[in-house]
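**Q** Please find the sequence and the predicted model below.
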Amino acid sequence: MIENITRYNFWNGNAPELGFPRTSYTDNLERYIGNRLIKVLVGQRRSGKSYIMRQLAWHLISKGTPTNNILYINKEYIEYQFLQSHDDLEQLFIEYKTRLAPQGKIYLFIDEVQYIDQWERFVNSHSQDFTEQCEIFLSGSNSKLLSGELATLLSGRYVQFEILPYSFAEYCGISNIPQNRDSYLRYIHTGGMPELFNLPDEDMKRNYISSLKDTIMLRDIVQRYKIKEAKLLEDIFCYLINNAASLISITNIIHWFDSKKRKTNYETLSAYIGYLKNSFLIHQVERYNIRGKEAIAGNQKYYANDLSYKNYLYSGVGYGDGWLLENAVFLELKRKGYAVWAGNIERHEVDFVAKRGDETIYCQVALSLNEAKTYEREYNALKSIPDHFRKYVVTLDDYPIPSDEGIEHLCPWQIP
């Protein structure tokens, strides 16, 4: 077993590929190193979790951890296919300790852990075994397995980090270009999936995104949940992507299918949308009553996990750059650690109410404020909010716009 996996580890001078440094994640994760909490990275398949785990391992090595004290496992690689159950994982761990004889704390990284049956038995045992020092890092591509069920499986012994595709700052860093309006437009017309930056032309990028979408739907949804209507699943995904940033309800979707002579029902649609959320293809945003400080039942907004799905798969159904911008701003707020709602106050809709700890900010998003009616609409919505939390209008206007009654103008790459 050890010979099979050596090339994926840092032993004997091996140097596994680390990829583009994602310091916004690794710097945050490094703050949590040095305790028995299980660190769990979740996010869509191919969003960069494996690279971040290897970057963390390399950080430990650069700080003096012996390479033999780090074991990296990636269940997606064929060399790890022998790991089918927690018993297999235990046998590998025993052989690793016997063959490499690590002294002191062991750092164990397990990528796509959900494919190992009853993995939690192994993880719970070794993370809490006070006769050995073992710090564990996990990743997974299904939020139900590694979120809703996690509290039960790991009994509150974990911290969770959601990994998103490349941000605009990362896009500019890997592309070696400045952050400005032109580069931001290129970013929202492409997307942030890391593999896109290794592909030389648009056809290859389109084929890659299509195959990625198919893989997620087949492996993370159809097979896991044993669903029977795969075409309906994709049609729902297409509908949500093409209506991103719009207030919609499941009833709206049923009516849309009825107009296409397709019969479905509330329960099926609700379940399928849940599966798309669990696999991180889409994000659901609840409405929030700003004055009443409570969630509003009914219509919700949905955003794509990456704009590449819109740009490469469903670009024929038109919506403008303003909707792409709103989706991108939503993802940036999530990267910054905000919990996000769609705000409502009296007659006004506020694009985002974002909360992080004790901090709350309000954001309106528009492509430009060149037209007076746009300026009035965006600023009046924020002026109607009676509290004193910070309020922003986010646009691609790359010239200074003065503060208006305390409301600040930002470009999307300046979100705090």
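**A** In hand now; what should we look at?
**Q** helices and strands of this protein: which one has the lowest mean pLDDT?
**A** Sorted by mean pLDDT, DSSP states H and E, the helices and strands of the chain end with helix 150-154, the least confident at a mean of 76.
**Q** so what does that one touch, helix or strand wise?
**A** Counting contacts by 3 or more CB pairs under 8 Å, 6 or more residues apart in numbering; DSSP states H and E, helix 150-154 packs against strand 38-42, helix 119-127. C-betas here are computed from N, CA, C, even on glycine.
**Q** mind listing what's buried in the shortest one?
**A** Okay, so that is strand 38-42. By neighbour count, and taking 16 or more other CB atoms under 10 Å as the criterion, the buried residues in strand 38-42 are Ile38, Lys39, Val40, Leu41, Val42.
**Q** Then the last one?
**A** Along helix 119-127, these residues count as buried under the neighbour rule (16+ other CB under 10 Å): Trp119, Glu120, Phe122, Val123, Asn124, His126, Ser127.
**Q** Just the residues contacting that helix, thanks.
**A** 36, 38, 86, 89-90, 93, 108, 110, 113, 116, 132, 134-136, 138, 153-155, 157 (CB atoms under 8 Å, 6 or more residues apart in numbering).
**Q** Quick one, which of these are buried?
**A** Of all the contacts of helix 119-127 considered here, the ones buried according to neighbour count by 16+ other CB under 10 Å are 38, 86, 89, 93, 108, 110, 113, 116, 134-136, 138, 153-154, 157.
**Q** among those residues, which are in helices?
**A** When DSSP state H defines the helices, the subset of the buried ones among the contacts of helix 119-127 inside them is His86, Leu89, Phe93, Leu153, Leu154.
**Q** Of those, which pair is most distant in space?
**A** Maximum pairwise distance in those, criterion CB to CB, is 18.5 Å, between Phe93 and Leu153.
**Q** about what we covered before: next, format the buried residues of strand 38-42 as TSV and append distance to Gly19.
**A** TSV is the format used below for the buried residues of strand 38-42 (distance: CB to CB, whole Å):
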residue	distance to Gly19
Ile38	23
Lys39	19
Val40	20
Leu41	14
Val42	18
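**Q** In a strand, Tyr362, correct?
**A** Yes. Read with DSSP: H, G, I helix; E, B strand; the rest coil, Tyr362 is one of the residues of a strand.
**Q** pLDDT value on it, please?
**A** In this model, Tyr362 is scored at 98, pLDDT.
**Q** Next: Gln128.
**A** Per-residue confidence at Gln128 stands at 85 (pLDDT).
**Q** Between the two ends of stretch 243-255, what distance do you get?
**A** Terminal residues of stretch 243-255 lie 14 Å apart, using CA to CA, to the nearest Å.
**Q** Give me the buried positions along it.
**A** Buried positions in stretch 243-255, judged by neighbour count with 16+ other CB under 10 Å: Asn243, Ala244, Ala245, Leu247, Ile248, Ile250, Ile253, Ile254.
**Q** try stretch 277-292
**A** When burial is assessed from 16+ other CB under 10 Å, stretch 277-292 yields the following buried residues: Lys277, Asn278, Ser279, Phe280, Leu281, Ile282, His283, Val285, Arg287, Tyr288, Ile290.
**Q** Out of these, list just those in strands.
**A** When DSSP state E is applied, these are split such that Ile282, His283, Val285, Arg287, Tyr288 fall in strands.
**Q** what are the pairing partners of the helix or strand hosting Phe161, and which direction each?
**A** Taking DSSP states H and E as the criterion, Phe161 maps to strand 158-162. The sheet places strand 158-162 alongside strand 38-42 (parallel), with pairing taken from DSSP bridges.
**Q** Now find how far off-centre the strand it pairs with is within its chain.
**A** With CA atoms, centre = their mean, to the nearest Å as the basis, the distance from the averaged C-alpha position of strand 38-42 to the chain average is 13 Å.
**Q** on that earlier part again, and the angle from the strand holding Phe161 to helix 119-127?
**A** Between strand 158-162 and helix 119-127, the angle comes out at 120 degrees (axes from the mean of the first three to the mean of the last three CA atoms, to 10 degrees).
**Q** any idea how far strand 158-162 is from the chain center?
**A** Averaged C-alpha coordinates place strand 158-162 at 12 Å from its chain's average position (CA atoms, centre = their mean).
**Q** Please enumerate the strands of this structure.
**A** Counting by DSSP E, one finds strands in the chain at the ranges 38-42, 70-74, 106-111, 134-140, 158-162, 282-289, 294-304, 339-345, 348-356, 359-365, 390-394, 408-410.
**Q** Other residues contacting the fourth one?
**A** By that I understand strand 134-140. Contacts of strand 134-140 (CB under 8 Å, 6+ apart): 33-36, 38-43, 49-50, 53, 56, 105-114, 123, 126-127, 146, 163.
**Q** how distant is it from the center of its chain?
**A** On CA atoms, centre = their mean, the centre of strand 134-140 falls 18 Å from the chain's centre.
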